[in-house]
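> Give me coordinates for this.
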Amino acid sequence: MNRKILVIPLIVLLAVTPVLARKNYGYRFNGDVNHDCIVNDEDLSMLNGHYPSERGDKGYRGWADTNKDGRIDDLDMAIVNDNYGKNCWGIPDLNLDGVVDMLDLNIIIEAFGTQPGMEDWDSRADLVEPFGLIDGRDVAYIMDYM
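Numbering: from 1, shown residues only. Got it, this is the predicted structure:
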C-alpha cells in the first residue's frame, strides 16, 4: 500500500515538471536579471537602474550583477546584450513578438555564416551548438518550431 502512495506523487511530479520549467520557478540564466525566463528590455532597464555601481555602493544590487564580480558595469551590460532575446524554454522567438515565424527566421538568415566580432553577428540567432557560428543547424532548429 505504501508503494502506491509513493508512485502517485512521482507520476504527478513527472507530469507537471514541464509546466514548472515553463513557468520558471527559480531557473535563471545569464542576462535574465528579473528571473522571468527571457532576456529583454525589462532586464536592460533593471540593469540600467543600478549601473554603474559596485558592492558597498547604495545603488548596488547583487541580482543585477550578472557575472557576480562585485560590480555592475559594462561586462554585465555585455552579458545581457549577448543573451538578448533568449529564453529558458528554448523556443526561438527571436524578435519577442510571441510567435516563431519568418521574422525570426530572417534574423538567422541575416546573420548566417557569421561569428562573434563580425559585422552582421547577432547572438540571438546562435541557437544550437557549435555556439559561436550561425549555420544550417540554427536554421534547422528554428524550422522545427514553424
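> so what's the closest residue to Asp69 other than its chain neighbours up against?
The shortest distance from Asp69 to any non-neighbouring residue, by Cβ to Cβ, 6 or more residues apart in numbering, is to Leu75 (7.0 Å). No exception for glycine: its C-beta is placed from N, CA and C like everyone else's. By Cβ atoms under 8 Å, 6 or more residues apart in numbering, the contact set of Leu75 is 66-67, 69.
> Select only the buried ones of the residues you listed in ChimeraX?
Restricted to buried positions by 16 or more other Cβ atoms under 10 Å, the ChimeraX selection for the contacts of Leu75 reads:
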select :66
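> so how far is Met146 from Gly136?
15 Å (Cβ to Cβ, to the nearest Å).
> now swap in Ser123 and tell me
21 Å.
> Kindly report the same for Asp82.
25 Å.
> where do the strands sit along this protein?
Here the chain has its strands, by DSSP state E, at 53-54, 71-72.
> who's more crowded, Ser123 and Met146?
Higher neighbour count among Ser123 and Met146: Ser123, with 18 against 11, using other Cβ atoms under 10 Å.
> that older thread, including mean neighbour count and distance to Trp89, could the strands of the chain go into CSV?
Shown next, in CSV, are these (neighbours: other Cβ atoms under 10 Å; distance: least, Cβ to Cβ, whole Å):
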stretch, mean neighbour count, distance to Trp89
strand 53-54, 16, 31
strand 71-72, 22, 27
